[in-house]
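# Next one to model:
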Amino acid sequence: MACRISELVIDVADPERLAAFWSKVLGYVELGREDDGSIQIGPPDAGFGGPQPTLVLSASSDPRPGKLPLHIDVNATDRDQDAELERLLALGARPADVGQTGAESWHVLADPEGNEFCLLRTRLQPL
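A predicted model of the protein is given here:
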């Protein structure tokens, strides 16, 4: 028997803003809210426990933007990398410089609070 990742918890200053951003990026919906202000988002059809992990945007007065010990990589499912990059930038992502050479096959971006994530080149099949 093995474990699988069911949730990723991210400390953020503004759960509303980040839940809206990541819901649009991933095609997720709000699944729930906690009394502490955290918001859980996940796949619209499966919710918690489905094949994709849910995200919990946890309110924190001390979020650490920038280079996190863990970051999210995303892949487009219905368009090429350039089109997806345009979409993510329109949603509020911005380019981030972590010392890339320019020869990478991925783009390093930051969400609206400055948390870095990568847009990879490979187009995945939707679940």
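# going forward, measure contacts and count neighbours with C-alpha atoms only.
Fine.
# what are the ranges of the strands in the chain?
Along the chain, counting by DSSP state E, strands occupy 7-12, 29-33, 39-42, 54-59, 72-74, 94-95, 107-110, 116-119.
# closest to residue 83 out of the ones you listed?
The stretch from these with the least distance to residue 83 (CA to CA) is strand 116-119; that distance is 11.2 Å.
# got the CA coordinates for that closest one in PDB?
Only the C-alpha atoms of strand 116-119 are listed here, as PDB (Å, rounded to 0.1, in the frame of the first residue of the first chain):
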ATOM      1  CA  GLU A 116       7.100  31.000  -7.800                       C
ATOM      2  CA  PHE A 117       5.800  28.200 -10.100                       C
ATOM      3  CA  CYS A 118       6.800  26.800 -13.400                       C
ATOM      4  CA  LEU A 119       4.900  26.300 -16.700                       C
END
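# looking at it, residue 97 is touching residue 108, isn't it?
Yes. Between residue 97 and residue 108 a contact is recorded at 7.0 Å, counting by CA atoms under 8 Å.
# Now do the contacts for the spatially most central residue of the chain.
Geometric centre of the chain, nearest residue: residue 22, 5.0 Å, by CA atoms, centre = their mean. Residues near residue 22 by CA atoms under 8 Å, 6 or more residues apart in numbering: residue 28.
# Repeat that for residue 54.
Per CA under 8 Å, 6+ apart, neighbours of residue 54: 6-8, 40-43, 47-48.
# gap between it and residue 78?
21 Å (CA to CA, to the nearest Å).
# One more: residue 99?
Residue 99 is 29 Å from residue 78, by CA to CA.
# Residue 110 now?
22 Å.
# now do residue 96
Taken as CA to CA, the span from residue 96 to residue 78 is 24 Å.
# Same check on residue 113?
According to CA to CA, residue 113 and residue 78 sit 26 Å apart.
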